[in-house]
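Asks: Fold the following, please.
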Amino acid sequence: MPKGLLLVTMEAPAALEEEFNDWYDTEHFPQRRSLPGFESATRWVCRHGWPRWAALYDLSSVAALGTPQYLAVSGANATPWSRRVLPRTIGRARIIAEQIAPGDATTHPEAETAELVIARYGQSVAPNIPELPGLLQLRWFRNVTGGESWAVAALDRPSAPDTLRAAFGSVGGAGARMLNIYQPYFRTMGYGP
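Replies: Purely as a prediction, here's the structure:
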């Protein structure tokens, strides 16, 4: 069974941003990290693109999203804080995908990753890109609800946005429908992941 990925993106209104990060750091993220089948969890802040926040959850398989433990804390069973914060976010997307390459890799450690590129293609594409300086890891995913492909690339240094657009903007004849560049999230208040 292939590895899975849960990718969630969203933007909190400015007036909600501090509470949003408090909720994510102290309740939502620790809760998700502890669920069976959740192998890693990382947060990212967008440097180029939209929406501002992304969370990547590596899953042993997409079946992790159907476990009794996950269902007990999701949807209608979400916490009161989750039910208050989530409806106030915008640009929220929840992507469930299976990893098609390179097999069993999980998200490269945030401590070593200076930049993360997330690109969405409207069709299945061949999992390759040209040589890219600083590339630590490149993973490819296929959305479980359709033919979309996703590239998730970790780099050890910041790159010029034009360089990344040239590398990921068109792959195998498919143009990127979304191409966001993220940095690791670190809470400026001295705590967080």
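Asks: Given whichever strand or helix holds D58, what are its sheet partners and their directions?
Replies: When secondary structure is defined using DSSP states H and E, the element that contains D58 is strand 53-59. As defined by DSSP bridges, the strand partners of strand 53-59 come to strand 4-11 (antiparallel), strand 38-48 (antiparallel).
Asks: Highest mean neighbour count out of the ones you listed?
Replies: Mean neighbour count, computed with mean count of other CB atoms under 10 Å, is highest for strand 4-11 among the strands paired with strand 53-59, reaching a mean of 21. Glycine gets a C-beta too; all of them are placed from N, C-alpha and C.
Asks: what comes up buried for the following helix or strand past that one?
Replies: Reading on from strand 4-11 to the C-terminus, the next helix or strand found by DSSP H and E is helix 17-23. Neighbour-count burial for helix 17-23, with 16 or more other CB atoms under 10 Å as criterion, is recorded at 20-23.
Asks: same check, this time on stretch 175-184
Replies: When neighbours are counted by 16+ other CB under 10 Å, the buried residues of stretch 175-184 are found to be 176, 179-182, 184.
Asks: Can you name the residues in contact with it?
Replies: Stretch 175-184 is touched from outside by 9, 42-50, 54, 110-111, 113-122, 158, 161, 164-165, 168-170, with contacts defined as CB atoms under 8 Å, 6 or more residues apart in numbering.
Asks: residue contacts, the residue lying closest to I181 once chain neighbours are set aside?
Replies: With CB to CB, 6 or more residues apart in numbering as the criterion, I181 has its nearest non-adjacent residue at 4.2 Å, and that residue is H48. H48 makes contact with 161, 180-181 under the criterion CB under 8 Å, 6+ apart.
Asks: re the thing from before, which one of the strands paired with strand 53-59 lies nearest to A93?
Replies: Shortest distance between A93 and the strands paired with strand 53-59, using CB to CB, is found for strand 4-11: 4.8 Å.
Asks: ok now the helix or strand of the chain with the lowest mean pLDDT, how far from the chain's centre?
Replies: Ranking every helix and strand in the chain by mean pLDDT, DSSP states H and E puts strand 170-171 at the bottom, with a mean of 85. Remark: strand 170-171 is offset 20 Å from the chain centroid, using CA atoms, centre = their mean, to the nearest Å.
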